[in-house]
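Q: Take a look and give me a structure for this.
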Amino acid sequence: QVQLVESGGGLVQAGGSLRLSCAASGFTLDYYAIGWFRQAPGKEREGVSCISSSDGSTYYADSVKGRFTISRDNAKNTVYLQMNSLKPEDTAVYYCATALGCRAHYDYWGQGTQVTVSS
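A: I've put the predicted structure just below:
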C-alpha cells in the first residue's frame, strides 16, 4: 500500500524550531520529487518547499527562504523539513506529496501534521 506519513508537528513558540518528517511506505522515494505544502485555516494551500529526485535541487517559497531547509535520506525513505525561526504565520497543517518533478502534478499526499507557532 502506497503511503506517505508526516510527523514532527506540534506547538512551538515563535523563534523556535521543528523538524517535520515525511516517511514513505509501499514505494521508493528515490525516483520522486517531494514537495512540502501547508494550509492555514481559511487560506488556500501553498507550496513551501520541494526537493528534486534527479540532482537534489531544492526550492523554497519566499516566505520561508533562509529559515526552512528540505533534505532527503533515501536510505530511510524519508524527506525532512527543518523549520527554524518559526513565526506565528507559519501555523498551518503541513503536507508532503510526491511528483515526477517539482513543477509536475503531485500524485500522493500524506495526511498532514499540524504546526502551531505561538507568539
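Q: Need the CA coordinates for stretch 53-67. PDB is fine.
A: Provided in PDB are the C-alpha atoms of stretch 53-67 (Å, rounded to 0.1, in the frame of the first residue of the first chain):
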ATOM      1  CA  SER A  53      14.900  13.400  -7.300                       C
ATOM      2  CA  SER A  54      17.400  13.900 -10.100                       C
ATOM      3  CA  ASP A  55      20.100  16.200  -8.600                       C
ATOM      4  CA  GLY A  56      18.700  17.100  -5.200                       C
ATOM      5  CA  SER A  57      17.900  20.700  -6.200                       C
ATOM      6  CA  THR A  58      15.800  22.500  -3.700                       C
ATOM      7  CA  TYR A  59      13.200  25.200  -3.900                       C
ATOM      8  CA  TYR A  60      11.600  27.400  -1.300                       C
ATOM      9  CA  ALA A  61       8.800  29.800  -1.100                       C
ATOM     10  CA  ASP A  62      10.000  33.300  -0.500                       C
ATOM     11  CA  SER A  63       8.200  33.300   2.900                       C
ATOM     12  CA  VAL A  64      10.400  30.500   4.200                       C
ATOM     13  CA  LYS A  65      13.700  31.100   2.500                       C
ATOM     14  CA  GLY A  66      16.600  31.200   4.900                       C
ATOM     15  CA  ARG A  67      14.500  29.600   7.600                       C
END
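Q: List the buried residues for it?
A: Using 16 or more other CB atoms under 10 Å as the test for burial, stretch 53-67 gives 53, 59, 60, 64. The C-beta positions use only the backbone N, C-alpha and C, and glycine is treated the same way.
Q: chain center to it, what's the gap?
A: Chain-centre distance of stretch 53-67: 10 Å, with CA atoms, centre = their mean, to the nearest Å.
Q: next one: stretch 58-69
A: Distance of stretch 58-69 from its chain centroid, counting by CA atoms, centre = their mean, is 11 Å.
Q: can you list the residues that contact it?
A: 46-52, 70, 81-86, 89-90, 102 (CB atoms under 8 Å, 6 or more residues apart in numbering).
Q: Cheers, nothing more for now.
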